[in-house]
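K.L.:
Just a sequence and a predicted model for now, questions to come.
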Amino acid sequence: MTEKINAGTVLIKVGTILPEGLQLDSEQYSKGWKLLKNLDGKGLDRKISEAGWTLFFIANEVNATAVGSDLEKTTRRAVKKVIAHMKSERFNCLEVVQVAGKRFLGLPYVAVSAHPRHIQESMSLLHSKWVAEWDRAKLAPA
């Protein structure tokens, strides 16, 4: 049974490298993403910090909406839209900050807001590999 998505819920990309010995209870949520069970963003940050790694908080908020009367199914569709946006980024984690069921002209919809997060061993968010890729992209002919 999939956990309910609400504020504080954390999703992690499948295949994310984690600190050795760190065990996270999770379940498959959607293609390529797992939902953490019994652990919110603060709890994950604490565990990652204790292992000497860094969980970055990215200030850009990602928002998505989906129309539908079934709250859980509509929330899942909105979260999938957030995940689709994350695929264009290089971050491996996200934290849901708000899930709100609303109505507009009688139509029910769900609005989901989330912040990208990133787990890595280094304390510097920019990897030299990323910088090299960006430099190649800048130098490529238009």
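P.N.:
Everything's here; your move.
K.L.:
Determine the longest helix present in the chain.
P.N.:
Longest among the helix segments of the chain by residue count, using DSSP state H, is helix 71-87.
K.L.:
Go through it and flag the buried ones.
P.N.:
When neighbours are counted by 16 or more other CB atoms under 10 Å, the buried residues of helix 71-87 are found to be 74-80, 82-83, 86. For every residue, glycine as well, the C-beta is placed using N, CA and C.
K.L.:
Likewise for stretch 104-119?
P.N.:
Applying 16+ other CB under 10 Å to stretch 104-119 flags 109-110, 112-119 as buried.
K.L.:
Now it - C-alpha only, CSV.
P.N.:
What follows is stretch 104-119, C-alpha atoms only, in CSV (Å, rounded to 0.1, in the frame of the first residue of the first chain):
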residue,chain,number,x,y,z
PHE,A,104,-12.1,26.3,-9.3
LEU,A,105,-15.5,27.0,-10.9
GLY,A,106,-16.7,23.8,-9.3
LEU,A,107,-13.9,21.6,-10.7
PRO,A,108,-11.8,19.8,-8.0
TYR,A,109,-8.1,19.9,-8.4
VAL,A,110,-4.9,19.3,-6.3
ALA,A,111,-2.0,21.7,-6.1
VAL,A,112,1.4,20.2,-5.1
SER,A,113,4.5,22.2,-4.2
ALA,A,114,7.9,20.6,-3.7
HIS,A,115,11.5,21.6,-3.3
PRO,A,116,14.3,19.8,-5.0
ARG,A,117,16.9,18.2,-2.7
HIS,A,118,20.2,16.6,-3.4
ILE,A,119,22.1,14.0,-1.5
